[in-house]
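Engineer: Starting from these lines, generate the structure:
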Amino acid sequence: MPKINAVPGEQALATAFAPLEDPRCAINRRHRLSEMIVLAIAAVLAGADGWQDVERFGRAKEAWFRQFLALPHGIPSHDTFGRVFGLLDPQAFEACFRDWATALCALIPGEIIAVDGKTLRRSHDRKAGLAALHLVSAWATANAVVLGQVATEAKSNEMTAIAQLLAFPYLKGCIVTIDAMGCQSKIAEQIVAQGGDYVLALKGNQGTLATEVEEAFISADAKDYAGMDAQFLETVERGHGRVETRRYRTLGDLAEVPRSALWQGMNMIGMIESERTVDGKTSVETRYHIGSIGTDVACFARAVRAHWGIENTLHWSLDMTFREDACRVRHPAARENLAVLRHIALSRLKQDNAKFSLRNKRHTAGWDDRYLAKLLFEAPKPPTSTRLSGATNITAD
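Structural biologist: Presented below is the predicted three-dimensional model:
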């Protein structure tokens, strides 16, 4: 077993937080901060959902941990873990996490970075007047890595959080997707200025633009898209007793969308018609987007589908596998830092190539010391390509 200060590779989890400054008074430092962070990461990888779990896991594995940690005063208590992670500056802790994530993440051309918010339902404290924690996260869909998170007090404050989250140099060559809350001209301008492209969902918060986009598609459809810069793609998915057909259209002629001139880099509008049949009943939904990616309909479809993945892959996993919504840690800084630990664990487990579920990976990390060592000390290999699933039929109008 390697010593922690001899782990090869800057991408290894065990050394990622070494630069973090210890906020405690030197007199009260019985346990080393770097070792406490390694213990916490390992415990969350292996199934821990709170500080008591972290303590119990550390004590159960103390002999194994002593192969690479000094642990001069043994395993810290759960109160100590809670107190230390409550003292850590969440922004500094998240910055180390962000550095680790972007270092191991090879952002392939056209990588989709999905941005979305999530509220931790039981993180509130009514007696103390503390609202539930709302986090806005950036998810690199092909790499299956959380690139960063920013806390905000309420969903209505997502705009400021999105701007802060995107203010880092990993957007070049990537496509940023955001739901209607982030459909703002300043956000689009920021993305383009940093070398990225965008696909933004369009709803009532941009009422005039939404009306123009809808009417542009109605007009183009009436002309059968003759002579227009437009493409069409259809995908069909079958499974679990349902059939879902998605029809994607892109349109590059924006003469009937005068407000497009107010959006930096905007060169297309997109429409998705989803037809879903379950138990003989069919429902149809139409959604609209704006973007800077041109009229390549396959690229548009991939971006839209990938954005849905932040709900299905990231948020669902945090709730179902990591029980995030049930977590009762309520200290303002500790709850945010624990959320970072969950993002670290989920990203590392997702990138591991073992062919079993996320839940089983967490179990295996608790049972198999070799597997836990692999997660802590080895850097994963990032993917090299992205693709769109489902049967497809692409035509240029």
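Engineer: give me every residue that touches the nearest residue to Lys350 once chain neighbours are set aside.
Structural biologist: Nearest non-adjacent residue to Lys350, counting by Cβ to Cβ, 6 or more residues apart in numbering: Ala144, 3.8 Å away. All C-beta spots, glycine's among them, are computed from the backbone N, C-alpha and C. Counting by Cβ atoms under 8 Å, 6 or more residues apart in numbering, Ala144 touches 313, 347, 350-351.
Engineer: Of those - the most surrounded one?
Structural biologist: Neighbour count (other Cβ atoms under 10 Å) singles out Ser347 as the most crowded of the contacts of Ala144, with 25 neighbours.
Engineer: Do I have it right that it meets Val145?
Structural biologist: Yes: under the criterion of Cβ atoms under 8 Å, Ser347 lies in contact with Val145, with a separation of 4.5 Å.
Engineer: Now for the two: what residues contact both?
Structural biologist: Ala101.
Engineer: May I ask which two of the contacts of Ala144 are separated the most?
Structural biologist: Spatial extent of the contacts of Ala144 (Cβ to Cβ) is set by the pair Thr313 and Gln351 at 12.4 Å.
Engineer: Give the buried residues for the one helix or strand Ala101 maps to.
Structural biologist: Using DSSP states H and E, the element containing Ala101 is helix 90-104. Of the residues in helix 90-104, those buried under the neighbour-count criterion (16 or more other Cβ atoms under 10 Å) are 90, 93-94, 96-102, 104.
Engineer: What about Ala132, how many residues nearby?
Structural biologist: Taking other Cβ under 10 Å as the criterion, the count of residues near Ala132 is 17.
Engineer: show me what contacts it?
Structural biologist: By Cβ under 8 Å, 6+ apart, the residues touching Ala132 are 119-124.
Engineer: Helices of the stretch 251-397 of the chain, residue ranges please.
Structural biologist: Taking DSSP state H, counting those that start in this stretch as the criterion, the stretch 251-397 of the chain carries its helices at 297-309, 316-320, 332-351, 358-367, 369-377.
Engineer: so of these, which one's packed in deepest?
Structural biologist: For the helices of the stretch 251-397 of the chain, average neighbour numbers computed from mean count of other Cβ atoms under 10 Å are highest in helix 332-351, which has a mean of 23.
Engineer: could you say what helices and strands that helix packs with?
Structural biologist: In this structure, helix 332-351 makes packing contacts with helix 33-45, helix 78-87, helix 90-104, strand 134-140, strand 145-152, helix 316-320, helix 358-367, judged by 3 or more Cβ pairs under 8 Å, 6 or more residues apart in numbering; DSSP states H and E.
Engineer: How about the contacts made by the closest residue to Phe93 other than its chain neighbours?
Structural biologist: Spatial nearest neighbour of Phe93, excluding adjacent residues (Cβ to Cβ, 6+ apart): Asn337 at 5.2 Å. Going by Cβ under 8 Å, 6+ apart, Asn337 touches 85-86, 88, 90, 93.
Engineer: Dump these to a markdown table, plus pLDDT.
Structural biologist: Converted to a markdown table, the contacts of Asn337 look like this (pLDDT from 0 to 100):
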| residue | pLDDT |
| --- | --- |
| Phe85 | 95 |
| Gly86 | 94 |
| Leu88 | 94 |
| Pro90 | 91 |
| Phe93 | 92 |
